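# what follows is a protein structure lacking sequence information:
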């Protein structure tokens, strides 16, 4: 298969891709919510810790992960660069506090959330920008950071549909631990759990 090389080397190019056509196409491909209902058991396990109260998902899209969480117990927040996704959340999921914004400049105070997390978001950050994005996530967390991403022992590019220059596998556990976080647990997530084949890591500051 012949792949198209996408120009995606700067923060501005990254934001333009996902706020534009690439993000809109993603919204259309992920209209069905049935598979996301399988994620409830995983999120129940993660959010049942007594010191998890307010939660931020970076790259929340249409709130599929946040919908799995108990809004009676947790204050739920989301950020996404794509207006269509954030507008959907504001219209149809009013219990979520959703903002349009960038992973590189999150509009929150240092350490304000007990849990900050990403699912399939860091994989799309260009190599030159990945540490900036992760540092911003860590800044906003007061207790826990979780990522669920395509994992590899060394950074390597992988195709995304018919494109390259969009997706990377990385040793996300090591990268976060190099930033001073302590690993609490990790494991595999599969389609039976409602996810693509991902590896998750939960860290504590």
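Done, it's in. Being a predicted model, the structure only gives us computed values, none of them experimental.
# need the helix or strand of the chain with the lowest average pLDDT.
helix 21-29 (a mean of 89; mean pLDDT, DSSP states H and E).
# and it, which residues are buried?
Neighbour-count burial for helix 21-29 flags 22, 23, 26 (criterion: 16 or more other Cβ atoms under 10 Å). Placement of C-beta: from N, CA and C, glycine included.
# what sits against residue 153?
Residues near residue 153 by Cβ atoms under 8 Å, 6 or more residues apart in numbering: residue 171.
# now it: how far from residue 199?
Separation of residue 153 from residue 199 (Cβ to Cβ, to the nearest Å): 11 Å.
# got it, and residue 77?
From residue 77 to residue 199 the distance is 24 Å (Cβ to Cβ).
# more neighbours: which of these two?
For residue 77 and residue 199, the more surrounded residue by other Cβ atoms under 10 Å is residue 77, and the numbers stand at 22 against 18.
# in a strand, the more buried one, correct?
Yes - residue state for residue 77 (DSSP: H, G, I helix; E, B strand; the rest coil) corresponds to a strand.
# test my guess that it contacts residue 57.
Yes - assessed by Cβ atoms under 8 Å, residue 77 is found in contact with residue 57 at 7.3 Å.
# against residue 155, how distant is residue 6?
17 Å.
# please name the nearest non-neighbouring residue to residue 176.
residue 203 (5.3 Å; Cβ to Cβ, 6 or more residues apart in numbering).
# so the nearest residue to residue 145 once chain neighbours are set aside is in which element?
Nearest in space to residue 145, with sequence neighbours left out and distances taken as Cβ to Cβ, 6+ apart, is residue 203 at 4.7 Å. Using DSSP states H and E, residue 203 sits in strand 198-204.
# partners of that strand, with directions?
strand 141-149 (antiparallel), strand 182-189 (antiparallel) (DSSP bridges).
# relative to residue 92, how far out is the most centrally placed residue in the chain?
For the chain, residue 118 is the residue whose C-alpha lies nearest the centre (Cα atoms, centre = their mean; 2.2 Å). Residue 118 sits 22 Å away from residue 92, taking Cβ to Cβ as the criterion.
# go on, residue 158?
33 Å.
# which regions of the chain sit below the pLDDT cut-off?
Scanning the chain for pLDDT under 70 picks out 32-34.
# quick one, strands of it?
4-5, 54-58, 75-80, 97-100, 113-119, 141-149, 156-160, 163-169, 182-189, 198-204 (DSSP state E).
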